[in-house]
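In: structure for the following, please:
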Amino acid sequence: MRISRRLAVIAIAMAPFAGLSTMAMAADSSLGTPSGQVTMKFKSLDIGVGHTWGTGRLTYQHHTYRFKIEGGSLAAVGYSTIEGRGTVYNLHRLQDFEGSYAAVNGEVTAGTGVGGMVLNNPAGVRIQIDTTSSGGRLAAALQGMKITLHK
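Out: Numbers count the residues shown, from 1 in each chain. Here you go, the predicted model:
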């Protein structure tokens with residue numbers, strides 16, 4: 001009887017986690033068709049209005065392309081160095097990757113932190129990125145980034 005109670009308790013405790021992979025797949029499908037991978041390294045310096053700059057690499061159709069990041073944010077204070085990895089969705093032509101992206105993100109970094117965001121551009125390209133950061137920054141920010149491919 002004790003063993004079955006323990007199993008029941010474990011089953012009840014694990015139930016919320018049973019659908020996580022299904023939910024993750026559903027979230028991916030709602031973003032569109034995966035078409036590439038990105039890595040990014042950028043820095044943000046903010047005093048209310050902030051500045052973001054950095055570099056990245058796009059892997060698309062078996063080629064790697066380098067790019068530059070410039071942008072800014074509103075409603076943030078502090079400094080952080082951010083590294084991210086993510087998936088690019090709905091990229092059908094390389095030139096559609098370039099341009100202005102917008103996102104709403106939140107970050108609390110005191111030493112190190114983790115986060116994520118989805119960036120969208122007018123061409124329909126979306127970048128879902130998971131980030132790790134270091135520094136000291138507090139943001140509930142509207143983020144804008146301009147991505148330019150190195151020629």
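
In: quick one: residue 136 and residue 79 touch, right?
Out: Yes - contact criterion Cβ atoms under 8 Å: residue 136 and residue 79 qualify, at 6.4 Å. C-beta here means a position set from N, CA and C on the backbone, and glycine is covered the same way.

In: the host helix or strand of residue 144 pairs with which strands?
Out: Using DSSP states H and E, residue 144 sits within strand 126-149. Under the criterion DSSP bridges, strand 126-149 sits next to strand 63-89 (antiparallel), strand 99-120 (antiparallel) in its sheet.

In: next, format the ones you listed as JSON lines and append mean neighbour count.
Out: Formatted as JSON lines, the strands paired with strand 126-149 follow (neighbours: other Cβ atoms under 10 Å):
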{"stretch": "strand 63-89", "mean neighbour count": "18"}
{"stretch": "strand 99-120", "mean neighbour count": "16"}
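
In: rank the ones you listed by pLDDT, which is bottom?
Out: Between the strands paired with strand 126-149, the one with the least mean pLDDT is strand 99-120; it has a mean of 81.

In: show me the contact partners of it.
Out: Counting by Cβ atoms under 8 Å, 6 or more residues apart in numbering, strand 99-120 makes contact with 31, 71, 76, 78, 80, 121-123, 125-147, all of which sit outside it.

In: give me the beta-bridge partners of the residue nearest the centre of the chain?
Out: What sits nearest the mean C-alpha location of the chain, by Cα atoms, centre = their mean, is residue 129, with 2.2 Å. Beta-bridge partners of residue 129, counted by DSSP bridges, are residue 86, residue 117.

In: and it, what does it touch?
Out: 38, 40, 84, 85, 86, 116, 117, 118, 119.

In: if we go to 6 Å?
Out: Shown in contact with residue 129 (Cβ atoms under 6 Å, 6 or more residues apart in numbering): 84, 86, 117.
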